[in-house]
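# return a 3D structure for these sequence lines:
(4 chains)
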Protein chains: 2
Amino acid sequence: MIHTRSQPPSQSQVSVTEPSLRVCVALLRWNGEDLEAAAVHGDHLPATIPTADEALDQTAVRIIRESTGVDAHYLEQLYTFSPSQGGPRQIVISYLALFSPDTAMSPGPGNLTWSLAETTPLEDDLEQLVLEYALVRLRAKLGYTNIAFYLLPATFTLSQLQQTYESILNQAMDKRNFRRRMIASGILVDTGEKRREGSHRPAALYRFREHDDQASYLTPPLLAT
Amino acid sequence: MIHTRSQPPSQSQVSVTEPSLRVCVALLRWNGEDLEAAAVHGDHLPATIPTADEALDQTAVRIIRESTGVDAHYLEQLYTFSPSQGGPRQIVISYLALFSPDTAMSPGPGNLTWSLAETTPLEDDLEQLVLEYALVRLRAKLGYTNIAFYLLPATFTLSQLQQTYESILNQAMDKRNFRRRMIASGILVDTGEKRREGSHRPAALYRFREHDDQASYLTPPLLAT
DNA sequence: TCAAAAGTGTTCCTTCTACACCCATGT
DNA sequence: ACATGGGTGTAGAAGGAACACTTTTGA
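Residues are numbered from 1 along each chain as shown, chains lettered A, B, ... in the order given. Below is the predicted model:
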């Protein structure tokens, strides 16, 4: 819906402030019997949940909820791997979860939020690969979906929205072009409210218009909703 | 690389001839012990291959080769499902395979090529879902990758290329715009040869310039190549 | 000479990009 | 009054879409 072509770094503004996005990558490991869940980056989750009779994606939803104490605002299956180095074959299904900053995630067994700027290689090659792939997907989807929605609170300013884009793409964008594109896309609704939070002009608060596009983009609809 | 925006049906040419694309959707079913392969549409494959110590994607490559007698020109993992209706949990990893029409696929246990125009619902809901999803992905990737390459012979005419696009998208395109876009994209190389095959002007034969983009688009690089 | 597919340019319009200043507020 | 982030317009470039006729060949 929203088209975001790559824009070369702008001169007029260079400040890419990181708004600490709540992104989480989770792996479901299946050994043929049990499903084990692990959140990538931050600490590994001890959460090990036995197989239940539910769809895979639902298991991911549930495991992430149990791990973070909160429901993911958006969940997308990424890819399925089978890292079988000598040992018995294992199947690992990877997921990307996005959270609204509204939600109070329980500290739990380590904070799941993952700094996009993070570059320290993980011990596990697979986790590193999934993490990088998640970022590729997230960046790509910024261009043709409203996925950024799921990383923002219910109402937000255009600057917040732009910062979200910039921190995911790690690239500064032109303010006027960005705002024009977003408004033109028609997915934003001006709530009429203003946010005043500093010694400067208050910002208009927007919300997203509906969000019925989750299922339709490059990912099959989740089964058995 | 190649941008193909949707174009409304053109008046000047309405003939969308189906060039019988060699597309195959395969499922790997894992019950925890064995992997069972099935090609979707056409007859189900009897091919049942026990677990080997190899990466999942490699298993898919091999199974498709064993089923068709030929290597897929392109293989992409689609999505992973877990259809567990009462029975024991099963994990089904779906793949999309593309073949060059050059290759002589063994008739084997039923022709795997799948008519894109086909609309008869399959008995199996999951297979139907995967089939539709494969088409969504294929269509989407036409717009930003050279994926059509994998459905064409080594050299081809611009008309062949256009027919491939048209039959996948099920939509006629303007000849001049199509050719201009393709040429401008820089991925085509004029071989200098001509193909004469009828009582009409011979067509220039092209080939694709390199094809090093397979791994870079929305799919992680296949592990352990 | 006819049929059949190959090949070729231009115009219009939409969208992207680059770019700089005033506005509203709190201190 | 000043510092801070909010908010705005325009002109040039590039790319997409619509559109029809000539060319080359085999029969």
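# where does chain A have its least confident helix or strand?
strand A:48-49 (a mean of 38; mean pLDDT, DSSP states H and E).
# now the element after that one, going C-ward?
helix A:56-68 (DSSP states H and E).
# buried stuff in that next one?
For helix A:56-68, the neighbour count (16 or more other Cβ atoms under 10 Å in any protein chain shown) marks A:L56, A:D57, A:Q58, A:T59, A:A60, A:V61, A:I63, A:I64, A:S67, A:T68 as buried. Where C-beta positions appear, they are placed from N, C-alpha and C, glycine not excepted.
# closest one of these to chain B?
Lowest distance from chain B to the buried residues of helix A:56-68 (Cβ to the nearest Cβ) belongs to A:L56, with 3.6 Å.
# find the nearest non-adjacent residue to A:F178, please.
A:Q162 (5.1 Å; Cβ to Cβ, 6 or more residues apart in numbering or on different chains).
# go ahead and confirm that neighbour touches A:R180.
No: using Cβ atoms under 8 Å as the test, A:Q162 is too far from A:R180 to be in contact (11.7 Å).
# those two: which is more packed in?
Between A:Q162 and A:R180, A:Q162 has the larger neighbour count (other Cβ atoms under 10 Å in any protein chain shown), namely 20 against 11.
# OK, contacts around that one?
Counting by Cβ atoms under 8 Å, 6 or more residues apart in numbering or on different chains, A:Q162 touches A:M173, A:K175, A:F178, A:R179.
# for the second one, give me the pLDDT.
Right, A:K175. pLDDT for A:K175: 98.
# between all of the contacts of A:Q162, which two are separated the most?
A:M173 and A:R179 (9.8 Å; Cβ to Cβ).
# which one of these two is surrounded by more residues?
A:M173 (22 against 16).
# I'd assumed A:E166 was in contact with the more buried one.
Yes: assessed by Cβ under 8 Å, A:M173 is found in contact with A:E166 at 5.8 Å.
# indicate the residue of chain A located nearest to DNA strand D.
Nearest residue of chain A to DNA strand D: A:H200, at 2.4 Å (Cβ to the nearest atom of the strand).
# residues in contact with that residue?
Contacts of A:H200 by Cβ under 8 Å, 6+ apart: none found.
# would you map the helices across chain A?
Ranges of helices in chain A, per DSSP state H, are A:56-68, A:125-142, A:158-169, A:175-185.
# and of those, who's closest to DNA strand C?
helix A:175-185 (3.8 Å).
# just the C-alpha atoms of the closest one, please, in PDB.
Extracted as PDB, the C-alpha positions of helix A:175-185 are listed here (Å, rounded to 0.1, in the frame of the first residue of the first chain):
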ATOM      1  CA  LYS A 175      10.500  14.700   5.900                       C
ATOM      2  CA  ARG A 176       8.300  16.400   3.300                       C
ATOM      3  CA  ASN A 177       8.400  13.600   0.900                       C
ATOM      4  CA  PHE A 178       7.700  11.000   3.600                       C
ATOM      5  CA  ARG A 179       4.700  12.900   5.000                       C
ATOM      6  CA  ARG A 180       3.300  13.500   1.600                       C
ATOM      7  CA  ARG A 181       3.500   9.900   0.700                       C
ATOM      8  CA  MET A 182       2.000   8.700   3.900                       C
ATOM      9  CA  ILE A 183      -0.900  11.100   3.700                       C
ATOM     10  CA  ALA A 184      -1.400  10.300   0.000                       C
ATOM     11  CA  SER A 185      -1.500   6.600   0.800                       C
END
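# taking helix A:158-169 as reference, get the angle to it.
100 degrees (axes from the mean of the first three to the mean of the last three Cα atoms, to 10 degrees).
# packing partners of helix A:175-185?
helix A:158-169 (3 or more Cβ pairs under 8 Å, 6 or more residues apart in numbering or on different chains; DSSP states H and E).
# got the buried residues for the helix it packs on?
A:L158, A:Q160, A:L161, A:Q162, A:Q163, A:T164, A:Y165, A:E166, A:S167, A:I168, A:L169.
# tell me which residues of stretch A:178-194 come out buried.
A:F178, A:R179, A:M182, A:I187, A:L188.
# quick one: residues contacting the residue lying closest to the third one once chain neighbours are set aside.
The shortest distance from A:M182 to any non-neighbouring residue, by Cβ to Cβ, 6+ apart, is to A:L188 (5.7 Å). By Cβ under 8 Å, 6+ apart, the contact list for A:L188 reads A:L158, A:M182, A:Y206, A:R207, A:F208, A:R209.
# filter the residues you listed by proximity to DNA strand D?
Contacts with DNA strand D are made by A:L158 out of the contacts of A:L188, judged by Cβ under 7 Å from any atom of the strand.
# and the closest residue to DNA strand C within chain A, how many residues sit next to it?
When you check chain A against DNA strand C by Cβ to the nearest atom of the strand, the closest residue turns out to be A:S199, at 2.9 Å. Neighbours of A:S199 under the rule other Cβ under 10 Å: 5.
# and for A:F149?
24.
# that one and A:R209 touch, don't they?
No: using Cβ under 8 Å, A:F149 is not in contact with A:R209; the gap is 9.8 Å.
# the contacts of A:Q162: which ones sit near DNA strand C?
Okay, of the contacts of A:Q162 touching DNA strand C (Cβ under 7 Å from any atom of the strand), that's A:K175.
# export the contacts of A:Q162 to CSV and tack on distance to DNA strand D?
Shown next, in CSV, are the contacts of A:Q162 (distance: Cβ to the nearest atom of the strand, whole Å):
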residue, distance to DNA strand D
A:M173, 12
A:K175, 5
A:F178, 9
A:R179, 5
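# give me the nearest residue to A:Q77, chain neighbours excluded.
A:Y95 is the one closest to A:Q77 (Cβ to Cβ, 6+ apart), at 5.6 Å.
# what's the pLDDT at that neighbour?
89.
# next up, the contacts around it.
A:V25, A:A26, A:L27, A:L28, A:A60, A:I64, A:L75, A:E76, A:Q77, A:L78.
# mind putting those in a markdown table, pLDDT and distance to A:R195 included?
As requested, the contacts of A:Y95 are exported to a markdown table (pLDDT from 0 to 100; distance: Cβ to Cβ, whole Å):
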| residue | pLDDT | distance to A:R195 |
| --- | --- | --- |
| A:V25 | 83 | 31 |
| A:A26 | 84 | 33 |
| A:L27 | 84 | 38 |
| A:L28 | 86 | 39 |
| A:A60 | 81 | 34 |
| A:I64 | 80 | 30 |
| A:L75 | 91 | 29 |
| A:E76 | 91 | 30 |
| A:Q77 | 92 | 35 |
| A:L78 | 91 | 34 |
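# which of these sits closest to chain B?
Nearest to chain B among the contacts of A:Y95, with distances taken as Cβ to the nearest Cβ, is A:Q77, at 6.5 Å.
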